[in-house]
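*Asks:* the following block contains a protein sequence and its predicted model.
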Amino acid sequence: MTIRIVRLGASRAANEGLRIGTVRRPPRGVPKAEFAKRDFYDVWYPNLSPSAELVAEALSAETEQAWRAFVRKFKAEMAMPDAGKSLDLLAALSHTTNLSVGCYCEDEARCHRSILRELLDKRGAAIEP
């Protein structure tokens, strides 16, 4: 059993399990009834996405310094009690079921899902490489 870190909208892997959208906003122009059919997500869980202000900061981070500032601020948001409990829950579930978390960004290295991967790993999650 594992957590996969995925790009929302990409084709699902075999045995991927429940796909959780850790994004601030649902996909534009897609009816809610089609989110899962179009491989976006089964459950929308914005609690593990950056705040709206941080999303804007990440999208405009053109330098390594700006990206590191975003990472620091996002980790501070994820250190809040509710986010921490959510990360703990996903880490625990990864040992009993397959599931995935994701975002729309093309490049995981410049996406908050890379930070979620790190935070879940620190909590002992079983993460698909």
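*Replies:* Okay, I see it.
*Asks:* could you count how many residues lie near Leu89?
*Replies:* Per other CB atoms under 10 Å, the neighbour tally for Leu89 reads 11. Just so you know, the C-beta spots here come from the backbone N, C-alpha and C atoms, and that holds for glycine as well.
*Asks:* for this structure, what spans make up the helices?
*Replies:* Taking DSSP state H to define them, one finds helices in the chain at 52-59, 64-78, 81-93, 112-122.
*Asks:* outside of the longest one, which residues touch it?
*Replies:* Around helix 64-78, the neighbours that count as contacts under CB atoms under 8 Å, 6 or more residues apart in numbering are 48, 50-51, 54, 57-58, 60-61, 83-84, 87, 110, 112, 115-116, 119.
*Asks:* now the buried members of the residues you listed.
*Replies:* By neighbour count, with 16 or more other CB atoms under 10 Å, these hold 48, 50, 54, 57-58, 61, 83, 87, 112, 115-116, 119 as buried.
*Asks:* so which pair among the residues you listed is furthest apart in space?
*Replies:* By the measure CB to CB, Ala61 and Leu87 form the most distant pair in those, at 22.7 Å.
*Asks:* for Val30, phi and psi?
*Replies:* phi -110, psi 120 (degrees, to the nearest 10).
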